[in-house]
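> Build me a model from this:
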Amino acid sequence: MGENEVQGAIVAALQVYAHEQGMSAQIFEPYANQQGDQARRFGADLIAVLDRARVVMLEVKALDVATNELVRFRPAQHTMCCQLEAMRVPLAYAFNTRNTLAYYAHPQPPQWPRLTLAAIARATPSTLPDEHPATTHPSLLAWLQNVTNVDTDGSATLGWLLGAARGTRPRALTNAAMVLVYSVHHATVLALKVEDADRLIAIVTTLPHLPPADRATLQRLLGAQAEAFVLFEPPDAMPTDGAAPNGGGRSPRPRP
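Residues are numbered from 1 along each chain as shown. You can find the predicted model right below:
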């Protein structure tokens, strides 16, 4: 079973599961050339918004069950995932725990959406140090059923961002937008004037890089909390305070 098969099963099961729970579900699967660690790219294979308030953000892998090895596990990608996790972005790895999933059974069992999600493990990057995962990671189904996983502050900012961006669109949730939602205090964002809010949305949802002018605008709008976006500065970017360039000892600071 390859990554495409695992991802296809997750998407299908998630859509039906959400419908059964009376939730809306909008799912975005960025193309490979839209993914990456840049500000306006996407750090996951699958981004979903449930009920306009909860984000499901998954980097999908296929597990060779016999060897307990994640196929195509990439250390550089894992580093990026850990950086986003440090910024409180709810990114996780998702992988099959069985050789076959209920979605692909013929005929499909009546409870195939739940059975499929129960056979998918969800692991945060920091708990998955290499391509050999532990057997104790919770299932994606268990995570979905755990309401304590919902970040209420993040949900408030998420609703604001997506509403202001003309609709609940997972494709608006770039890496920079996710850092805005989960690492910048929601009161700072919600207090912005309309024109400043529009500018902020444009900065975090368009183009792949954060040029100096946009970084200056973030500093003006968010104050010290703009430090969260240092993660996306190019290696040769020199901060205005004379500190070392990104990669020279500076690290992103998550929201207190």
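
> Could you list the buried residues of stretch 178-190?
178-184, 186, 188-189 (16 or more other Cβ atoms under 10 Å). Quick note: C-beta positions are derived from backbone N, CA and C, even for glycine.

> Now the two most distant members of the residues you listed.
For the buried residues of stretch 178-190, the farthest-apart pair by Cβ to Cβ is Met178 and Thr188; their separation is 16.0 Å.

> what ranges do the strands span in the stretch 51-200 of the chain?
Applying DSSP state E, counting those that start in this stretch to the stretch 51-200 of the chain gives strands spanning 54-64, 69-71, 91-96, 120-123.

> Deepest in the core, which of those is it.
For the strands of the stretch 51-200 of the chain, the largest average neighbour count (mean count of other Cβ atoms under 10 Å) is found in strand 91-96, namely a mean of 24.

> What average pLDDT does it get?
Strand 91-96 comes out with an average pLDDT of 97.

> Name every strand pairing with it and say which way it goes.
Applying DSSP bridges to the sheet, strand 91-96 is found paired with strand 54-64 (parallel), strand 120-123 (antiparallel).

> Give me the residues contacting that strand.
Residues outside strand 91-96 that contact it (Cβ atoms under 8 Å, 6 or more residues apart in numbering): 1, 6, 9-10, 43-44, 46, 57-63, 65, 70, 81, 84-85, 119-125, 128, 133, 140, 143, 178.

> Tabulate the CA atom coordinates of it in PDB.
What follows is strand 91-96, C-alpha atoms only, in PDB (Å, rounded to 0.1, in the frame of the first residue of the first chain):
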ATOM      1  CA  LEU A  91       0.500  19.200  12.200                       C
ATOM      2  CA  ALA A  92       0.900  15.400  12.600                       C
ATOM      3  CA  TYR A  93       2.000  12.400  10.600                       C
ATOM      4  CA  ALA A  94      -0.700   9.900   9.600                       C
ATOM      5  CA  PHE A  95       0.100   6.300   8.500                       C
ATOM      6  CA  ASN A  96      -1.600   3.000   8.200                       C
END
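
> need the longest helix for the chain.
Secondary structure of the chain per DSSP state H: the longest helix is helix 3-20.

> Tell me how far the helix or strand that comes right after it lies from the chain's centre.
Downstream of helix 3-20, the next assigned helix or strand under DSSP states H and E is strand 25-28. In terms of Cα atoms, centre = their mean, to the nearest Å, the centre of strand 25-28 is set 13 Å apart from its chain centre.

> Stretch 62-77 too?
Using Cα atoms, centre = their mean, the offset of stretch 62-77 from its chain centre is 20 Å.
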